[in-house]
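**Student:** my questions concern the predicted model and sequence given below.
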Number of protein chains: 4
Amino acid sequence: MADKIRIGVLGASGYTGADLVRLAARHPAMEIAVLTANSHAGKPMRDVFQHLSHIELPDLVTIEDAPWNEVDAVFCGLPHGTTQAITKEIFEKHPQTKIIDMSADFRLRDPAVYKEWYGLDHMATDIQGEAVYGLTELYRDAIREARLIACPGCYPTAVLLALVPLAKAAMIDASDIVIDAKSGVSGAGRSLKENTLFCEAGEGLSPYAVGKHRHMAEIEQEIGTAAGVPDLRVNFTPHLIPMSRGELCTSYVRLADGASARDLRHHLLETYAGEPFVTVADEDVLPRTQMVRGSNYVVVNVVPDRIPGRAIVISTLDNLVKGSAGQAIQNFNVAYGIDETTGIEQLPLFP
Amino acid sequence: MADKIRIGVLGASGYTGADLVRLAARHPAMEIAVLTANSHAGKPMRDVFQHLSHIELPDLVTIEDAPWNEVDAVFCGLPHGTTQAITKEIFEKHPQTKIIDMSADFRLRDPAVYKEWYGLDHMATDIQGEAVYGLTELYRDAIREARLIACPGCYPTAVLLALVPLAKAAMIDASDIVIDAKSGVSGAGRSLKENTLFCEAGEGLSPYAVGKHRHMAEIEQEIGTAAGVPDLRVNFTPHLIPMSRGELCTSYVRLADGASARDLRHHLLETYAGEPFVTVADEDVLPRTQMVRGSNYVVVNVVPDRIPGRAIVISTLDNLVKGSAGQAIQNFNVAYGIDETTGIEQLPLFP
Amino acid sequence: MADKIRIGVLGASGYTGADLVRLAARHPAMEIAVLTANSHAGKPMRDVFQHLSHIELPDLVTIEDAPWNEVDAVFCGLPHGTTQAITKEIFEKHPQTKIIDMSADFRLRDPAVYKEWYGLDHMATDIQGEAVYGLTELYRDAIREARLIACPGCYPTAVLLALVPLAKAAMIDASDIVIDAKSGVSGAGRSLKENTLFCEAGEGLSPYAVGKHRHMAEIEQEIGTAAGVPDLRVNFTPHLIPMSRGELCTSYVRLADGASARDLRHHLLETYAGEPFVTVADEDVLPRTQMVRGSNYVVVNVVPDRIPGRAIVISTLDNLVKGSAGQAIQNFNVAYGIDETTGIEQLPLFP
Amino acid sequence: MADKIRIGVLGASGYTGADLVRLAARHPAMEIAVLTANSHAGKPMRDVFQHLSHIELPDLVTIEDAPWNEVDAVFCGLPHGTTQAITKEIFEKHPQTKIIDMSADFRLRDPAVYKEWYGLDHMATDIQGEAVYGLTELYRDAIREARLIACPGCYPTAVLLALVPLAKAAMIDASDIVIDAKSGVSGAGRSLKENTLFCEAGEGLSPYAVGKHRHMAEIEQEIGTAAGVPDLRVNFTPHLIPMSRGELCTSYVRLADGASARDLRHHLLETYAGEPFVTVADEDVLPRTQMVRGSNYVVVNVVPDRIPGRAIVISTLDNLVKGSAGQAIQNFNVAYGIDETTGIEQLPLFP
């Protein structure tokens, strides 16, 4: 089909890349033209991901061998720090190409903050200014015009959709936020690590990266901006949960004077009234990852705390879909003027 | 859309019914008109299945209150023995309506066999003759014309797609088949039973219904027919596995003289060459449930046994999709002359 | 053996009762004399819990039929509100008998608080004054003399061991505590509930009873007492995790002026220096449920928060062992002057 | 305690070694003197296995640095092919030392068979003749006198305890045995492999090593010997199950003329009447891994097949306990004349 948009996927051998391929293969406006995976170059994709055996896909190639002039859009699913150079090169040499980056490389507006959290000098600071933070619901207008879309991390997507409208409306005290976050194991990727073995992560629960998780930087950047607090600090404490997909963030907030949990919920209801992928749960329904698994939906709710003046904000999403590949496609749709839900309308898989 | 086919779902509060709704809601030619669930009548569907909160659906009604004249097709997701009367009534009063039955009620051609296995007199034997066994790949032509389609059980779908072509071609000895079957817990349904509690089924593995599982009757009927052996008996031994979805059957067969595992595999490759949903795995690839989760695909393969003259046939599917709701929609598509893959093209969800 | 202490277990058909039997059967000073389970009376225990098939146990009897004069100690594993009358009767009629109650009935010193949280009038308020709160490490001396020991809930055990010493030492601000709690599914018991089915609780994560969980009352009672704050309120938010056993509480605390996370950790190290079952993890080790599964150990640690003036206190235990049956036996040992670790020395089962 | 037997563990950083340490640490007649782990030498054991943080253990050393003259018994938990030389050296230099090998190195009596299956020349064939196959119930007398005990693999332990007595009594046709085996993921060890990651093994089921699993050699050796069939071949097909511990083997057998499933069950009942660790389940009870998790028990049963002349034999155990470390300790007890159940009496952990 001549009219399809040809896409390339950088890093197709990770979970994020694979989930993008899963969705892209059924997207009516996409043609999967290039799949890269340096460590598996030359192999058919079905040797790397057997669940993709059912369809024809291009064989994997190295980044160096990929024909960038034959793609219209590039999705990057590689870890941070590995694709700044190639991203920059594509950005500069192929002005028609849009880049949708699922890595962390272009999320932080301040290179110093990037260096502080990621421990690396950024190699493409000159195009950082072109990057739009790809949280679709909050930056849709900018995404429409963007050539470089920096999709948020999975945790930030869950947290920010819940808290940014509340911070912006000054309904919560941005300086007193505790975020207890829980994630399935796929968030750790497919690389071989002892703590993600079945026998280590199964039937057990572990906090990790306490006080150090890099997603904190994005969360602080965006809530800080919304609240007008320059050097905001939040508590963000992630836990590894024995499930493959899904993420749930329980945020403990202090209410602004006069605000109630119910007010917060109504504000979210209004904010997201027309949004296709954000569901504010019924008043008595607590968000659960089971409500979103395998889908691009987010569920949020606000629950009264027994302690006066406080509320509990809960948000959940599938870390690989709305937390990564699904939101990337949502941004693609916006950027190319396609109906925003195209290719990502699947309802959650339950049980 | 005026052209959509209005469907009703009998038993929308079970896992099978819910998975049908999940898929039907995104099927471009279906309009969900009626959802029944006697024990939940009056409730919105999202109160019964929170993962369906994201879309508008009709409220649940009782079977008695359902406006059958307002639907074009009926899917039945209720347990065996509960809907023969209503099925018969709809069949007789609404001659334009097609019925796609996911229960066991019309699968067995011989009412005596039905009674033997299900312990009940069949209440609609007069329309049994109208029923077509809904294993799409094997009965596609008959399904095209059928008004009553009896979709196979989940296990029989996995077993029969693998073994019927081999039995029909006399490549295996139909009288010496051992089928060791493994299923995720969703196969047991959503009703409350101690053995399907998380703490009972989790981190453990249990054989069940050994020598007694009702799916054996279908398997014997269909392999017997294919092989021309009237009263065939097979060994069929199911096990409950700590996962929600997925089924894998390991069938141990004796080869006909001169046949090899490779011959069997080639025969399956030829048989299913044009089939959209049956994947014969690469020669060195063992089917795994991870290759099909959440999808309508089946994966089969034949592996040599170290014992001369024997082979191992492995098949896997998602019990709620190809094993139930997905195959029901596949049959719907065939019966209504729609492209067979419509609404069930999703690739497997992995991880 | 003539010298063994004969025990009876009220409610042997629940998980708590079964875990008590598992441990008691190997306890060198115990003889299991009576097992009650009204709904299963007359059955052998192995019909109710197959993992106990390997040993001889008395058949189950009703509470009414149990020969209380033939036991020296009674463990109660029934839900709150069901055994106050029988407890009182045994307490009054059998003055030599010690009662170790794993239910919630005698944990709250104020009957009004009991009524507020449990919705019932307490039927044995006259013996409430005899009850000792059975958190062994904190009430050991009183337990030695007690005839009625009210073992804490599983969550309170985890939380209080971590926070009471800190509150007592005024190292934290007791009025600003957020406790995000996570539990495996066995905490919900063996009764049939839809949300604890494998397919509902598996591969997913759910907050529950937010702002309403009854364990909050115990937590507030004990931290309030330690801190000298009469009507203390804490935030306590539990989540259901897809694992069978294990509990982890992440408590977010505000430090008293001058205190650091390191100070808190050292205080816990000192407090628990001689304790056989409380492990303060190494400085860089985050407690995980995998460190305690199947054992009577608790692991605690204090981690600096990136936000100045705050710290994160993490504690974990096995909800059925130190959170219930194991601690009950620990209290039994103390009450009978037996070495405290007898019968509960098993190391954690990992993986 | 001067009287304790000092043990060394070769390979304490694997799951088998760790489970041995877990049990040995509480064994009243053992003192853990040496722990080796070449890749972790110099570390405290609790850095490698956090669940062992609660007790004092010797730091890890290399095999080369281990003081073999300071131990009385050596347990080997390393992979096959890695410790033949050191085993031989210890065997020859330390004549008082008993070696209990949990690896595969000394299980196969015929070095040619070893080479065929393990692809290596055996480096200690001269002491192979000293090795006793450590299936305690079948070789107890020889184990009493042995200095080199070759503990069986986990699968062989489950299969042989069920089938050897039946083959020996000629109640089954040894030449027609199909063994469908299922194992939890810990059987694959702690080394980093993609297929044992949580996201790969979880919520899914995979056959593996079909027709090639090395445990087949032991099974054939022992059933062949029992049945008097020299070059016996059996079908043995393992599957990876999403649980950490536990193994269940479903063996499909043809009955000798006149024998019934009930006869087989009675024969096993008689055979194992006095055995402390083998439970023949009640007639209507199907063995489940939940009946043995974390314990040294084996459960077996025989179930009639619907096909005349056939039966189904089911056996289950915990692969790390009776399938490895527990049986090793059972053999230690036998070899040192200690009560056979010492240190391994724990009842199964359920749920």
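**Tutor:** Cool, the structure landed.
**Student:** name the residues that touch stretch A:108-120?
**Tutor:** Residues outside stretch A:108-120 that contact it (CB atoms under 8 Å, 6 or more residues apart in numbering or on different chains) are A:80-81, A:104-105, A:121-122, A:125, A:128, A:214, A:216-218, A:221. From N, CA and C alone the C-beta is placed, and that goes for glycine too.
**Student:** give me the buried positions along that stretch.
**Tutor:** A:Leu108, A:Tyr114, A:Trp117, A:Tyr118 (16 or more other CB atoms under 10 Å in any protein chain shown).
**Student:** all helices for chain A, in order.
**Tutor:** A:15-24, A:45-48, A:84-93, A:111-118, A:125-128, A:136-145, A:154-168, A:198-201, A:215-227, A:261-271, A:326-335 (DSSP state H).
**Student:** what about chain A, any weak spots by pLDDT?
**Tutor:** When residues are selected by pLDDT under 70, those of chain A lie in A:1-2.
**Student:** the closest residue to chain B within the stretch 101-250 of chain A and C:Pro242: what is the separation?
**Tutor:** Using CB to the nearest CB, the single residue of the stretch 101-250 of chain A nearest to chain B is A:Ser244, 4.4 Å away. A:Ser244 sits 10 Å away from C:Pro242 when distances are taken as CB to CB, to the nearest Å.
**Student:** between the two, what contacts are shared?
**Tutor:** With CB under 8 Å, 6+ apart, A:Ser244 and C:Pro242 have common neighbours C:Glu203.
**Student:** could you export the helices of chain A as JSON lines, including distance to D:Gly309?
**Tutor:** Output for the helices of chain A, formatted as JSON lines (distance: least, CB to CB, whole Å):
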{"stretch": "helix A:15-24", "distance to D:Gly309": "48"}
{"stretch": "helix A:45-48", "distance to D:Gly309": "43"}
{"stretch": "helix A:84-93", "distance to D:Gly309": "67"}
{"stretch": "helix A:111-118", "distance to D:Gly309": "68"}
{"stretch": "helix A:125-128", "distance to D:Gly309": "76"}
{"stretch": "helix A:136-145", "distance to D:Gly309": "65"}
{"stretch": "helix A:154-168", "distance to D:Gly309": "57"}
{"stretch": "helix A:198-201", "distance to D:Gly309": "40"}
{"stretch": "helix A:215-227", "distance to D:Gly309": "63"}
{"stretch": "helix A:261-271", "distance to D:Gly309": "67"}
{"stretch": "helix A:326-335", "distance to D:Gly309": "55"}
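**Student:** how about those helices, which one is nearest C:Ala311?
**Tutor:** Closest approach to C:Ala311 among these is made by helix A:215-227 (16.6 Å; CB to CB).
**Student:** give me the angle between the closest one and helix A:136-145.
**Tutor:** 90 degrees (axes from the mean of the first three to the mean of the last three CA atoms, to 10 degrees).
**Student:** what residues sit buried inside helix A:215-227?
**Tutor:** A:215-227.
**Student:** about what we covered before: for C:Asp65, find the nearest of the helices of chain A.
**Tutor:** Using CB to CB, the helices of chain A put helix A:198-201 closest to C:Asp65, at 44.8 Å.
**Student:** which residues touch that closest one?
**Tutor:** A:185, A:194-195, A:240, A:242, C:290, C:351, D:15, D:185-186, D:190, D:196-198, D:200-202, D:242, D:244.
**Student:** quick one on the thing from earlier: report the separation between the residue of the stretch 101-250 of chain A closest to chain B and A:Arg293.
**Tutor:** Taken as CB to CB, the span from A:Ser244 to A:Arg293 is 9 Å.
**Student:** overlap of the contact sets of those two?
**Tutor:** C:Glu203.
**Student:** residue contacts, A:Arg46?
**Tutor:** By CB under 8 Å, 6+ apart, the neighbours of A:Arg46 are A:Leu52, A:Ser53, A:Leu57, B:Asp282.
**Student:** same for chain C: which of the contacts of stretch A:108-120 are within range?
**Tutor:** Applying CB under 8 Å from any CB of the partner chain, the subset of those adjacent to chain C comprises A:Met216.
**Student:** out of the contacts of stretch A:108-120, which is nearest to B:Asn38?
**Tutor:** Ranked by distance to B:Asn38 (CB to CB), the contacts of stretch A:108-120 are led by A:Glu218 at 48.8 Å.
**Student:** so is the top strand by length along chain A next to chain B?
**Tutor:** Scanning chain A for the strand with the most residues, using DSSP state E, yields strand A:172-183. No. Strand A:172-183 lies out of reach of chain B by CB under 8 Å from any CB, never closer than 13.0 Å.
**Student:** quickly run through the sheet partners of that strand, with directions.
**Tutor:** Counting by DSSP bridges, the strands paired with strand A:172-183 are strand A:235-240 (parallel), strand A:247-255 (antiparallel).
**Student:** list the buried ones in stretch A:278-291?
**Tutor:** Those would be A:Val278, A:Thr279, A:Val280, A:Ala281, A:Val285, A:Leu286, A:Pro287, A:Arg288, A:Thr289, A:Gln290, A:Met291, for stretch A:278-291 by 16+ other CB under 10 Å.
**Student:** and stretch A:343-350, by the same measure?
**Tutor:** So for stretch A:343-350, counting by 16+ other CB under 10 Å, buried means A:Gly343, A:Ile344, A:Gln346, A:Leu347, A:Pro348, A:Leu349, A:Phe350.
**Student:** the third one contacts B:His51, correct?
**Tutor:** No. Taking CB atoms under 8 Å as the definition, A:Gln346 is not a contact partner of B:His51, at 11.1 Å.
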